[in-house]
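**Student:** missing the sequence, but the structure's below:
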């Protein structure tokens, strides 16, 4: 059942950005799936790319996880939260919305992704490398 | 379309690193975000997920827009082990109504740390149950709050009804050496659980 309209709620609901879609057309996009843009964000108007698509392309010029893209969306790059802040600032877009937008970018060839592979967890060298890395912290 | 795009992609795409995730679970206020922040290379990031009908298993997306204001937040951090290997630590959302997020975080996770507070030991029961049922390798780390009564680790093991193979250790989520020890113990445990032949 629909809830009555509440003027205090934001007018732009997250799924408006995905034109109502709740699942990506392509890719499953785990929270740690790595994403990288294959090119600079194109300039000018683009029929298939919204400002949100372009923002995600800007954010993944270097490889980033889906969770990082969601958390960093819309935040100023230079912004450094207070080190002692008890609660980290919220990301600009919910993960499920970012997934749908990433699905569009993948479909149009703007990004490359690497989904985590279950086989990795059976690679003994992976455990050894992680332990070495943790010891070096 | 594809050829036009490949022409524009003149520069080489950076090789994508292998990503691994570890789940940090436990009751509300037990120190999950503290631990994530202590070991992460940056301040913990917070991201949100929307609670929709899909989340509770009903395949009907009509009316999603009316429910979009219910969100669940989770904090996470990142450790770059090498340029081609990145470790992510995800704190689970505290409330049990957000189990759908636990499923998403636990799928493919290397393992889980269940943080426990001996003053409220029962708070970590749901986490222990959850990872036992899923078969996700996990360890229990008792976060030593100032002034908290110190239990013997065997007492905790008994109280949680844990098998002898599940490591139980003390930790201080604010201290890097302690958090490192916890994570290394988890990775070693997960490696044994997944790869080594069980010593019968």
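**Tutor:** Right, received. Where do you want to start? Nothing here was measured: the structure is a model prediction, and the numbers come from that model. Numbering: from 1, shown residues only, chains lettered A, B, ... in the order given.

**Student:** which SS state does whatever residue of chain A ends up closest to chain B fall under?
**Tutor:** At 3.2 Å from chain B, residue A:133 is the closest residue in chain A, using Cβ to the nearest Cβ. C-beta coordinates here come from the backbone N, C-alpha and C atoms, glycine included. Three-state call for residue A:133 (DSSP: H, G, I helix; E, B strand; the rest coil): helix.

**Student:** what helices or strands is the longest helix anywhere in chain B leaning on?
**Tutor:** If you go by DSSP state H, chain B has its longest helix at helix B:176-194. Counting contacts by 3 or more Cβ pairs under 8 Å, 6 or more residues apart in numbering or on different chains; DSSP states H and E, helix B:176-194 packs against helix A:124-135, helix B:32-39, strand B:111-116, strand B:138-143, strand B:168-171.

**Student:** excluding chain neighbours, what is closest to the residue nearest the centre of chain B?
**Tutor:** Ranked by distance to the mean C-alpha position of chain B (Cα atoms, centre = their mean), the top residue is residue B:23 at 1.0 Å. Leaving out its chain neighbours, the residue that sits closest to residue B:23 by Cβ to Cβ, 6 or more residues apart in numbering or on different chains is residue B:112, at 4.1 Å.

**Student:** residue A:41 now?
**Tutor:** The spatial neighbour of residue A:41 that comes closest, neighbours along the chain excluded (Cβ to Cβ, 6+ apart), is residue A:57 at 4.0 Å.

**Student:** surely the one you found forms part of a helix?
**Tutor:** Yes: read with three-state DSSP, residue A:57 is one of the residues of a helix.

**Student:** ok, back up a step: partner strands of the helix or strand encompassing the residue nearest to the centre of chain B, with direction?
**Tutor:** Element membership of residue B:23 [criterion: DSSP states H and E] is strand B:18-26. Looking at strand B:18-26 with DSSP bridges, its partner strands are strand B:85-91 (parallel), strand B:111-116 (parallel).

**Student:** returning to that earlier point: just checking, the residue nearest to the centre of chain B touches residue B:87?
**Tutor:** No: contact criterion Cβ atoms under 8 Å: residue B:23 and residue B:87 do not qualify, at 11.9 Å.

**Student:** what residue ranges in the chain score low on pLDDT?
**Tutor:** As the question left the chain open, I've gone with chain A. Applying pLDDT under 70 to chain A flags the ranges A:1-13, A:44-45, A:76-91.

**Student:** you answered for a different chain; I wanted chain B.
**Tutor:** Residues of chain B that meet the criterion pLDDT under 70 lie in B:1-13, B:52-70, B:94-97, B:146-149, B:196-200.

**Student:** and if we set it to 80?
**Tutor:** Counting by pLDDT under 80, the low-confidence segments of chain B come to B:1-14, B:50-71, B:94-98, B:145-151, B:196-200.

**Student:** before we move on, what SS does residue 46 have?
**Tutor:** With no chain named, the answer covers chain A. Residue A:46, by the three-state scheme (three-state DSSP), is coil.

**Student:** contacting residues around it?
**Tutor:** A:53, A:54 (Cβ atoms under 8 Å, 6 or more residues apart in numbering or on different chains).

**Student:** got it, and residue B:145?
**Tutor:** Listed by Cβ under 8 Å, 6+ apart, the contact set of residue B:145 reads B:117, B:119.

**Student:** and the helices in chain A, which stretches?
**Tutor:** A:51-59, A:66-72, A:95-107, A:124-135.

**Student:** highest average neighbour count across those?
**Tutor:** Of those, the one with the most neighbours on average (mean count of other Cβ atoms under 10 Å in any protein chain shown) is helix A:66-72, at a mean of 26.

**Student:** coming back round to it: can you pull the contacts of the residue nearest to residue B:23?
**Tutor:** Counted by Cβ under 8 Å, 6+ apart, residue B:112 has contacts B:22, B:23, B:24, B:25, B:106, B:127, B:131, B:136, B:137, B:138, B:139, B:186.

**Student:** including distance to residue B:29, could the helices of chain A go into a markdown table?
**Tutor:** A markdown table is the format used below for the helices of chain A (distance: least, Cβ to Cβ, whole Å):
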| stretch | distance to residue B:29 |
| --- | --- |
| helix A:51-59 | 32 |
| helix A:66-72 | 22 |
| helix A:95-107 | 24 |
| helix A:124-135 | 26 |
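
**Student:** which of the ones you listed sits closest to residue B:165?
**Tutor:** helix A:124-135 (16.8 Å; Cβ to Cβ).

**Student:** what's in contact with the closest one?
**Tutor:** A:120, B:18, B:20, B:79, B:81-82, B:85, B:87, B:110, B:180, B:183-184, B:187-188, B:190-191, B:195.

**Student:** from these, list the buried ones, please.
**Tutor:** For the contacts of helix A:124-135, a burial check counting by 16 or more other Cβ atoms under 10 Å in any protein chain shown picks out B:18, B:20, B:79, B:81, B:85, B:87, B:110, B:180, B:183-184, B:187-188, B:190-191.

**Student:** related to what we said a few turns ago, gap between the strand holding residue B:23 and the chain center?
**Tutor:** Relative to the centre of its chain, strand B:18-26 is centred 4 Å away, using Cα atoms, centre = their mean, to the nearest Å.

**Student:** could you check the angle the longest strand that chain B contains makes with strand B:85-91?
**Tutor:** Ranked by residue count and defined by DSSP state E, the top strand of chain B is strand B:71-82. Angle between the axes of strand B:71-82 and strand B:85-91 is 150 degrees (criterion: axes from the mean of the first three to the mean of the last three Cα atoms, to 10 degrees).
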